[in-house]
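1. With the sequence up front, the predicted model follows.
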Amino acid sequence: MASERFLNLPEEKKQRIIAAAREELSRVPYDALSINRIIKEAGIPRGSFYDYFADKDDLIEYLMGDYCRMMERMLDEMFRMGSLDVFAAARRAVACTVAFSMEEGREALCRNLFSCMRMNRRFSFEQMMDTERALVTSGLPYIDREHFRDGSDAAVSLLLNMLVVLARNTIARIFTDPQNREAYLTEFDRELEMIQHGAVLPENQ
């Protein structure tokens with residue numbers, strides 16, 4: 001992770017380094033990423049980089065935190081709104097992730113970050129989504145359970161785990177194949193509908 005020295009930098013300098021790293025990872029995949037180019041773009045001495053990060057993996061791990069921090073802010077906002085529709089929350093989580101990836105030229109960055117996850121077990125997608133799962137689980141007291149067959153914490157936690165798996169798969173597919181984004185979002189919506197309303201009609205229908 002980023003060192004305390006990096007975290008305590010003036011915000012302008014910190015953002016300059018982050019911007020240089022994002023630019024580099026937007027241009028090239030993980031295996032071609034150059035610390036020298038990041039240093040040059042950020043205008044910092046080479047030695048300073050290693051005061052801030054142990055290596056390029058350390059830096060990438062910090063960049064991945066952008067997603068986790070965005071999810072934390074979004075879910076916190078939803079929790080504060082009161083009774084939470086868990087299916088609407090799942091749709092919003094994926095929609096916000098997609099919107100995040102499309103902002104300020106992040107599409108290539110997100111695609112290359114996902115390539116990091118495939119090439120280096122340190123950056124598993126599971127690790128990143130664990131943050132989301134923990135945040136969603138912390139929202140258990142806020143979830144509207146009025147129409148659930150079983151509104152117990154155990155049942156709702158199981159439902160949340162299922163939704164996180166579906167969200168993870170949808171996001172992974174969008175990152176690796178952005179041209180078919182809308183098709184994947186439509187499929188995700190159908191999956192949620194099947195979970196919410198069931199795949200089988202009641203016997204009396």
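-> Nice, thanks for sending it over.
2. Map the structural domains onto the sequence of this structure.
-> Per automatic domain parsing, the structural domains of the chain span 4-56, 60-197.
3. Pipe these into TSV and attach mean neighbour count and distance to Glu203 per row.
-> (Glycine included, C-beta is placed from N, CA and C.) Output for these, formatted as TSV (neighbours: other C-beta atoms under 10 Å; distance: least, C-beta to C-beta, whole Å):
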stretch	mean neighbour count	distance to Glu203
domain 4-56	15	53
domain 60-197	16	16
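4. Rebuild these as JSON lines, extending it with mean pLDDT.
-> Listed next are these as JSON lines, based on pLDDT from 0 to 100:
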{"stretch": "domain 4-56", "mean pLDDT": "91"}
{"stretch": "domain 60-197", "mean pLDDT": "80"}
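5. now the host helix or strand of Leu160, how far from the chain's geometric center?
-> Using DSSP states H and E, Leu160 maps to helix 153-176. Taking the mean of its C-alpha atoms, helix 153-176 sits 12 Å from the chain's own mean (C-alpha atoms, centre = their mean, to the nearest Å).
6. and that helix, what does it pack onto?
-> Judged by 3 or more C-beta pairs under 8 Å, 6 or more residues apart in numbering; DSSP states H and E, helix 153-176 is in contact with helix 86-102, helix 106-119, helix 125-137, helix 181-197.
7. Outside of the last one itself, which residues are in contact with it?
-> Taking contacts as C-beta atoms under 8 Å, 6 or more residues apart in numbering, the residues outside helix 181-197 that touch it are 87, 90-91, 94-95, 98, 159, 162-163, 166-167, 170, 173-174, 177.
8. Mind picking the two most distant members of those residues?
-> Greatest spatial distance in the contacts of helix 181-197: Leu159 and Asp177, 27.4 Å, computed using C-beta to C-beta.
9. list the contacts for the closest residue to Gly82 other than its chain neighbours?
-> Spatial nearest neighbour of Gly82, chain neighbours left out: Tyr142 (7.1 Å); criterion: C-beta to C-beta, 6 or more residues apart in numbering. Residues near Tyr142 by C-beta under 8 Å, 6+ apart: Met78, Phe79, Gly82, Ser83, Leu84.
10. Which residue is the nearest non-sequential neighbour of Leu25?
-> Leaving aside its sequence neighbours, Leu25 sits nearest to Asn112 (C-beta to C-beta, 6+ apart; 5.0 Å).
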